[in-house]
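> this one's sequence-less:
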């Protein structure tokens, strides 16, 4: 295929299709120009921020790691057509996803590694980079990072394979996966043309034909009703305690003036309690809908900025908990509370103490 370029309808020039000479060139191009991935065909207002190139996992480096405003995580793999069997690229990118999920179960580790890339490439913290790129407030950055944490914990990733030419078998495989699994895999075929100092890219997206939660964020998926959340603990000894926590959540939401700097909500897979509204200051306490997830019970997360104050409150032993060493410097899980050991009145007191820090 060729394209014709002219200026003001004159001096038309025929430009034949070119090739990226090296995969490294293709990777750098995507890193510098993430809009070349036509995700706008999935959701009109989507913007992709490439957080890191060659992001390390135990299965090898992910060519590009991206995120959108909703906290969806994108694993981008670039391949040139001259490489062997193209179907293996799908297995490779899924393997990277499994490795990312298993290597970074502690969100603090993930934030720390991404922060190294943003600091090196943009001389900014991750929070600064997100706020500047998406034009969002601190509260919105807070929500974005919370959604990212949930997606990482759940292994909920979007996989993108970019190639200069897609084999028909690969297209069929991607549509089959999207139609018959919970995976979301996109393939992008890139037609590349070069004329003098100009580079022209024509991207074609495959995989979005299957309409299954495409472009939906964690926050926009269906949030279970209280009864549905409670039923996930049916016939378990923790069920009554979960009912009390749900009732307490409703009390907080209905009477915010009685609970300054304390928030409560449900997301698709968690019951959440927060103190303070800034991401840097926030303490997050989450109960998974799945009773076995993350060891069960309430999970307490703190940030580097509030760790001294939060640790002072924890040391008061208002509630009984199991300590979890925090590895990261910005956002880490530090404690777990078994529901059998929880008193709702003590939990309320605990939240009120945290809300003062």
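That came through, no problem. The structure displayed is predicted, hence computed values, not measured ones. Numbers count the residues shown, from 1 in each chain.
> other residues contacting the lowest-mean-pLDDT helix or strand in the chain?
Ranked by mean pLDDT, DSSP states H and E, the helix or strand of the chain with the weakest confidence is helix 23-32, at a mean of 74. Helix 23-32 has contacts (CB atoms under 8 Å, 6 or more residues apart in numbering) with 20, 36-37, 50, 53-54, 63-64, 76, 78-80, 162, 164, 190, 199, 201. Heads up, the C-betas are built off the backbone N, CA and C, glycines and all.
> distance from the chain centre to the next helix or strand after that helix, please.
The helix or strand immediately downstream of helix 23-32 is strand 49-55, counting by DSSP states H and E. Averaging C-alpha positions (CA atoms, centre = their mean, to the nearest Å) puts strand 49-55 13 Å from its chain's average.
> and stretch 308-319, by the same measure?
30 Å.
> buried residues, it. List them.
309, 310, 313, 314, 318, 319 (16 or more other CB atoms under 10 Å).
> in helices, which of those residues appear?
309, 310, 313, 314 (DSSP state H).
> quick one: which of these is nearest residue 297?
residue 314 (15.0 Å; CB to CB).
> how about that closest one, what does it touch?
300, 321, 334, 335.
> circling back to that earlier point, from the contacts of helix 23-32, which ones fall inside strands?
The strands, defined by DSSP state E, take in 50, 53, 54, 63, 64, 76, 78, 79, 162, 190, 199, 201 from the contacts of helix 23-32.
> emit the PyMOL select command for whichever of those are buried.
Applying 16+ other CB under 10 Å to the ones in strands among the contacts of helix 23-32, the buried members can be selected in PyMOL as follows:
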select buried, resi 50+53+63+64+76+78+79+162+190
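> how about the ones in strands among the contacts of helix 23-32 in CSV, adding pLDDT and distance to residue 250?
Converted to CSV, the ones in strands among the contacts of helix 23-32 look like this (pLDDT from 0 to 100; distance: CB to CB, whole Å):
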residue, pLDDT, distance to residue 250
50, 92, 41
53, 89, 45
54, 90, 46
63, 90, 45
64, 91, 42
76, 92, 41
78, 83, 48
79, 79, 51
162, 85, 46
190, 81, 50
199, 79, 56
201, 79, 51
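> ok, back up a step: and the contacts of residue 314 as CSV, adding neighbour count and pLDDT?
Listed next are the contacts of residue 314 as CSV, based on neighbours: other CB atoms under 10 Å; pLDDT from 0 to 100:
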residue, neighbour count, pLDDT
300, 25, 90
321, 19, 92
334, 19, 85
335, 21, 90
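> quick check: the two most widely separated of those?
Distance extremes for these: the farthest pair is 321 and 334 at 8.9 Å, using CB to CB.
> one step back: ok, the ones in helices among the buried residues of stretch 308-319 vs residue 183, which is closest?
residue 310 (37.2 Å).
> nearest residue to that closest one in space, please, no chain neighbours.
Spatial nearest neighbour of residue 310, excluding adjacent residues (CB to CB, 6 or more residues apart in numbering): residue 302 at 4.4 Å.
> which pLDDT value belongs to the one you found?
You'll see residue 302 listed with a pLDDT of 82.
> check which helices and strands the stretch of helix or strand it belongs to is in contact with.
Using DSSP H and E, residue 302 sits in strand 298-303. Applying 3 or more CB pairs under 8 Å, 6 or more residues apart in numbering; DSSP states H and E, we find strand 298-303 packed against strand 283-288, helix 307-315, strand 331-337.
> what average pLDDT does the second one get?
The predicted model gives helix 307-315 an average pLDDT of 85.
> now the helices for the stretch 151-300 of the chain?
Using DSSP state H, counting those that start in this stretch, the helices of the stretch 151-300 of the chain run over residues 168-180, 226-231, 239-254.
> wait, residue 270 touches residue 289, no?
Yes - using CB atoms under 8 Å, residue 270 is in contact with residue 289, at 6.5 Å.
> what is the burial count for residue 271?
23 (other CB atoms under 10 Å).
> re the thing from before, parallel or antiparallel, which strands does the strand holding residue 302 pair with?
strand 283-288 (antiparallel), strand 331-337 (antiparallel) (DSSP bridges).
> one step back: closest one of the contacts of residue 314 to residue 237?
Among the contacts of residue 314, and counting by CB to CB, the member closest to residue 237 is residue 321, at 18.3 Å.
> dump the residue contacts of that closest one.
300, 314, 335, 336, 337, 341.
> give me the three-state assignment for residue 113.
helix (DSSP: H, G, I helix; E, B strand; the rest coil).
> which ones are touching it?
Counting by CB under 8 Å, 6+ apart, residue 113 has contacts 52, 55, 56, 104.
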